[in-house]
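Participant: Next one to model:
(2 chains)
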Amino acid sequence: MNRNHTQVALIGLTLLALSQSAGAMHISEGILTPQWAGLWYLLVLPLVAWGLRDLRIKSAREPFFKPMVGLIGAAVFVISCMPVPVPSAGTCSHPCGTGMAAIFIGPALTVLVSSIALLLQALFLSHGGLTTLGANVMSMGVVGALVGYGTFRFGRRLGLAGWLAAFMAGVLSDWATYATTAFELASALHGDESFWRLFGGIGLSFLPTQLPLGIFEGVMAAGVYQFIAARRPSLLVCLGVERAAKGGAE
Amino acid sequence: MSLLSELFSDLFASRDNVMTRLDPRVKVVAALALLVGVVFATSPVLPLALFVGCAVVAGAGGVPIRFIGMRLAGPLAIAGMLLLLQGLLTGTTPLWSFAPFGMRITITAEGWRTGVVMASRVLGGTGVMLLLSAVTPAHRIFLALRSMGVSKGWVEIAMLMYRYIFVLLDLTADVASAQRLRLGYSSVRRGMSSAGVVAGVVVLRAVDQAVRTNEAMRVRGYRGEIPTGVMRPLTLRDWLLMTAVVVAMGAAHILTEWNT
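Facilitator: Presented below is the predicted three-dimensional model:
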């Protein structure tokens, strides 16, 4: 094994061991340089504004909408804090929850809710940070939400069952979130070294936990969809997740 | 989940002491100034000093050491990870070299230096956030953000979310305990199924709670705008404090970066 391979393997094992307790989906406070932190903020701010516009329009039509977004945001936050066993690592990790949120409230409001959830986590759990909020919102709130929402809608258009489309959305949104986090970290940290070498090292370290965790996130999204479809199908219609059945509302 | 509730609550911020009595806008501006100092640091001195200082002030303000330790465990792990990552992957000048199990591992001097600075920035930044949240209740932070120009819609949703996270955390803990008693987590497969049900219950309960909250708010006159409150004007003392922190931060930055 040459020097590069040994060191990448060592880093992979180290990250695997450390990332479990460190909330690996969040880039920690202080890691990004001011330029990178500012760039991610600039990219994310218009998307948060998009979420706020969506909120304003929908809550002007129906005042109930605002409490509902707040409560669903709280629910997604709680779900994202649920410990998930990762068999390949022998420890627990946490789902992102943004793919699931995007299915229920759409990508624009998911960006908004994610920005709040990530600020709360940075303040009270020391997961993520204020200077890295833009980067974290980009990976979890924007990429995770858009991939999750797009996959679900595309799956339904292809005629997949709702639970299967939700499963795919959960899996792909989780993996997309981690790929973006690896990209953000490698962009900021590679210095004079090869970007791809560091990107590969970080991506490799995420693999043992994120492959099974992504599948778990898919199972969870499918479980939530199935549970609501069985217990209260009218809610899916009310939230615009599904169209009303012909011949009257369910 | 009870641990999470404890970590997440702003219980310690409700105590009465010098730090909690300060205007939240002063604390938010001070925290921002300290964070700017941290991210612009190219020497570990200032971030590490802030880390120690913030942890000591939080401890002096009555936050238990155990709580501070739990909050800092994750960032400490990340700081260690950054040291290794930079030391092993960047730079060319060997600093330490060893060969466990026949594998040559070299820590470089340049990488180690960069890693120390990054790790110190992680700890310094986290310390500042820890102190801010330990001495300021969440709703006061949101009010401060609102008065500093953050969108009303964002603040309203943030307040609703923070208020109801605890209700839903309790519900999740109850349902998960009931499932555990019925061996719902006895295997990975059953655990996945049970977790899906908990998540579904949480979403449904959240919607039910939203209906009740909406009705309660409408009775109190809610027509689509949640009142977030008005803050008193900043006093001369508040302005002086904010200016002092910003100036002190600038001076500390110049002093610690002088040689680098």
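Participant: show me where the chain has strands.
Facilitator: Assuming you mean chain A. A:84-86, A:91-93 (DSSP state E).
Participant: I was thinking of chain B, sorry if that wasn't clear
Facilitator: Assigned by DSSP E, the strands in chain B fall at B:94-98, B:105-108.
Participant: can you count the residues close to the residue nearest to B:Leu32 when sequence neighbours are not counted?
Facilitator: Among residues not flanking B:Leu32 along the chain, A:Leu130 sits closest, at 7.8 Å (C-beta to C-beta, 6 or more residues apart in numbering or on different chains). C-betas here are computed from N, CA, C, even on glycine. Number of residues near A:Leu130 (other C-beta atoms under 10 Å in any protein chain shown) recorded here: 22.
Participant: low-scoring stretches of chain A, by residue?
Facilitator: A:1-25, A:83-93, A:244-250 (pLDDT under 70).
Participant: and if we set it to 50?
Facilitator: Residue ranges of chain A with pLDDT under 50: A:1-3, A:16-23, A:88-90, A:247-250.
Participant: Helices of that one, start to end?
Facilitator: Secondary structure of chain A by DSSP state H: the helices cover A:3-22, A:34-61, A:65-80, A:98-124, A:133-136, A:145-157, A:162-189, A:195-231, A:233-238.
Participant: OK, now which residue of chain A is nearest to chain B?
Facilitator: A:Gly223 (1.7 Å; C-beta to the nearest C-beta).
Participant: give the contact list for the nearest residue to that residue once chain neighbours are set aside.
Facilitator: Excluding its sequence neighbours, the residue lying closest to A:Gly223 (C-beta to C-beta, 6+ apart) is B:Gly196, at 1.7 Å. Contacts here follow C-beta atoms under 8 Å, 6 or more residues apart in numbering or on different chains; on that basis B:Gly196 touches A:219-220, A:222-224, A:226-227.
Participant: With distance to B:Leu240 and neighbour count added, can I get these in JSON lines?
Facilitator: Formatted as JSON lines, the contacts of B:Gly196 follow (distance: C-beta to C-beta, whole Å; neighbours: other C-beta atoms under 10 Å in any protein chain shown):
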{"residue": "A:Val219", "distance to B:Leu240": "56", "neighbour count": "23"}
{"residue": "A:Met220", "distance to B:Leu240": "51", "neighbour count": "29"}
{"residue": "A:Ala222", "distance to B:Leu240": "57", "neighbour count": "24"}
{"residue": "A:Gly223", "distance to B:Leu240": "56", "neighbour count": "24"}
{"residue": "A:Val224", "distance to B:Leu240": "52", "neighbour count": "30"}
{"residue": "A:Gln226", "distance to B:Leu240": "59", "neighbour count": "18"}
{"residue": "A:Phe227", "distance to B:Leu240": "56", "neighbour count": "19"}
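Participant: quick one: which two of these are the most distant?
Facilitator: For the contacts of B:Gly196, the farthest-apart pair by C-beta to C-beta is A:Val219 and A:Phe227; their separation is 12.1 Å.
Participant: Residue of the stretch 151-260 of chain B nearest chain A, please.
Facilitator: B:Gly196 (1.7 Å).
Participant: quick one: B:Trp96 from B:Trp112, how far?
Facilitator: According to C-beta to C-beta, to the nearest Å, B:Trp96 and B:Trp112 sit 8 Å apart.
Participant: my bad, should have said B:Leu169
Facilitator: Applying C-beta to C-beta to B:Leu169 and B:Trp112 gives a distance of 41 Å.
Participant: I'd like to know how far A:Val147 sits from B:Arg223.
Facilitator: 36 Å.
Participant: Looking at these two, which is more packed in?
Facilitator: The neighbour count for A:Val147 versus B:Arg223, taken as other C-beta under 10 Å, is higher for A:Val147 (24 against 7).
Participant: list the contacts for that one?
Facilitator: A:Val147 sits in contact with A:99, A:169, A:172-173, A:176-177, where contact means C-beta under 8 Å, 6+ apart.
Participant: Who's the closest spatial neighbour of it, skipping the chain neighbours?
Facilitator: A:Ala176 (4.1 Å).
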